[in-house]
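[1] this one's structure only:
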């Protein structure tokens, strides 16, 4: 383990030599000086969960926890979310972790992180956008005329039976 550099500080009127922190135990370490680890990086315990931070937006319809959603501006110009759907060109831009009804504020999470609010997934299998904010684990068959005009969007890999590691991918109109 790397030894962190030391610095001088004053405590109770006395000079003291202290070592910078290599990792954080949380709020108790607020305001303390960090040090780089053996890899020359700041330990992940010192970084915010910024990727997990939700943007608060308006739900334009009822949403269930884990639903994949499409961002858009409503008729008044307010950024809102609605259910993503492969049948009507509403590609998924992210998902919600809690249920909401139309008009309520809801946390929107961008793709690129884990959606932990699902069920019935087959671990390791690829996941695609389905209808009404849900996923399917079998891609649409582009040779079927019944899929013409639908969008195919790869959303990520099932990490467990309840989680998908989402990826930001473009959709393709079949």
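    Okay, I see it. Because the structure is predicted, anything quoted here is derived from the model rather than measured.

[2] ok, now which ones touch the nearest residue to residue 130 once chain neighbours are set aside?
    What sits nearest to residue 130 in space, not counting adjacent residues and going by Cβ to Cβ, 6 or more residues apart in numbering, is residue 136, at 4.0 Å. In short, each C-beta sits where N, CA and C put it, glycine included. Shown in contact with residue 136 (Cβ atoms under 8 Å, 6 or more residues apart in numbering): 127-130.

[3] For residue 136, give the beta-bridge partners.
    residue 128 (DSSP bridges).

[4] could you measure it against residue 37, distance?
    With distances taken as Cβ to Cβ, to the nearest Å, residue 136 is found 41 Å from residue 37.

[5] Residue 56: what secondary structure?
    Secondary structure, DSSP: H, G, I helix; E, B strand; the rest coil: residue 56 is strand.

[6] Could you list the domains of this protein?
    6-46, 50-110, 115-173 (automatic domain parsing).

[7] before we move on, back to that, among the contacts of residue 136, which ones are buried?
    Neighbour-count burial (16 or more other Cβ atoms under 10 Å) applied to those gives 127-130.

[8] Let's have those in CSV, adding distance to residue 104.
    Output for the buried ones among the contacts of residue 136, formatted as CSV (distance: Cβ to Cβ, whole Å):
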residue, distance to residue 104
127, 27
128, 28
129, 23
130, 24
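
[9] In contact with residue 78, which residues?
    Residue 78 touches residue 58, counting by Cβ under 8 Å, 6+ apart.

[10] The residue nearest the centre of the chain and residue 7: what is the separation?
    With distances taken as Cα atoms, centre = their mean, the residue of the chain nearest its centroid is residue 113 (3.4 Å). In this view, residue 113 and residue 7 are 35 Å apart by Cβ to Cβ.
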